[in-house]
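A.B. asks: build the 3D model from these lines:
(2 chains)
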Amino acid sequence: GAVVSQHPSRVICKSGTSVKIECRSLDFQATTMFWYRQFPKKSLMLMATSNEGSKATYEQGVEKDKFLINHASLTLSTLTVTSAHPEDSSFYICSRIGPSYNEQFFGPGTRLTVL
Amino acid sequence: AQSVTQPDIHITVSEGASLELRCNYSYGATPYLFWYVQSPGQGLQLLLKYFSGDTLVQGIKGFEAEFKRSQSSFNLRKPSVHWSDAAEYFCAVGEGYSSASKIIFGSGTRLSIRP
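C.D. replies: Numbers count the residues shown, from 1 in each chain, chains lettered A, B, ... in the order given. You can find the predicted model right below:
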């Protein structure tokens, strides 16, 4: 069964509002989780590494004030898209590393549409 | 910096025919290599991975991949495709072997199956 869940699976919001996406590790306490963004017909681009109890590490070009990441517990990381605009519309996917460090497990993704 | 190239954006093969999806990587050290499949509405699923040892790796669903260091390649193969194999396939390279190791994805190859 699934080991990483995301909520919601789909969200539509108005421009200027903020949206929070949750990523849960269901079977393993994950000190590190990852957030990706996938554009239509494109690859997954790593946005940031979420670290439990400390600040996230953002990839170059990703606005940290725009995409707020909180990893307050070992099983939950959240991504908040602040003041969303239509160009933020995308598919957001989270993942965590398995206990033996040799595989990442991915959530089913969240489709964000900003009107 | 590490990178992954999948030169084929879209491939169509007939059901029952053999398949090879190409993947080339750029990485300074010993790479950790993965193939993932993404079906519509579903999360990424790991098909197979290579860390060390035998360069021919067997995966799930009848897939295999061969690591060729001299060619910096990790091509995915299947001797006989099924209609259910239609999906997006991503080759990826992992930075390392720790709880914070990132994965860098290729741009993906969309596989269509001709009846």
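A.B. asks: identify the residues contacting residue 28.
C.D. replies: Assuming you mean chain A. A:3, A:96, A:98-99 (CB atoms under 8 Å, 6 or more residues apart in numbering or on different chains). C-betas here are computed from N, CA, C, even on glycine.
A.B. asks: nope, chain B please
C.D. replies: Counted by CB under 8 Å, 6+ apart, residue B:28 has contacts residue B:2.
A.B. asks: next, the spatially most central residue of chain B: secondary structure please.
C.D. replies: Compute the mean C-alpha point of chain B, and by CA atoms, centre = their mean the closest residue is residue B:35, 3.1 Å away. At residue B:35 the chain is in strand, as set by DSSP: H, G, I helix; E, B strand; the rest coil.
A.B. asks: who does it form a beta bridge with?
C.D. replies: Note on residue B:35: beta-bridge partners residue B:48, residue B:91, judged by DSSP bridges.
A.B. asks: wouldn't it be in contact with residue B:23 here?
C.D. replies: Yes - using CB atoms under 8 Å, residue B:35 is in contact with residue B:23, at 7.4 Å.
A.B. asks: re the thing from before, among the contacts of residue A:28, which one has the most neighbours?
C.D. replies: When neighbours are taken as other CB atoms under 10 Å in any protein chain shown, the top entry among those is residue A:96 (28 neighbours).
A.B. asks: give the contact list for that residue.
C.D. replies: Counting by CB under 8 Å, 6+ apart, residue A:96 touches A:3-4, A:25, A:28, A:30, A:32-34, A:104-105.
A.B. asks: re the thing from before, intersection of neighbour lists for residue B:35 and residue B:23?
C.D. replies: What both residue B:35 and residue B:23 touch, as defined by CB under 8 Å, 6+ apart, is the set B:65, B:74, B:76, B:91.
A.B. asks: make TSV from those and add distance to residue B:85, pLDDT and secondary structure to it.
C.D. replies: TSV is the format used below for those (distance: CB to CB, whole Å; pLDDT from 0 to 100; DSSP: H, G, I helix; E, B strand; the rest coil):
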residue	distance to residue B:85	pLDDT	secondary structure
B:65	15	98	strand
B:74	18	97	strand
B:76	11	98	strand
B:91	16	96	strand
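A.B. asks: out of these, who's nearest residue B:18?
C.D. replies: residue B:76 (11.5 Å; CB to CB).
A.B. asks: give me the nearest residue to the closest one, chain neighbours excluded.
C.D. replies: Nearest residue to residue B:76, sequence neighbours excluded (CB to CB, 6 or more residues apart in numbering or on different chains): residue B:21, at 4.3 Å.
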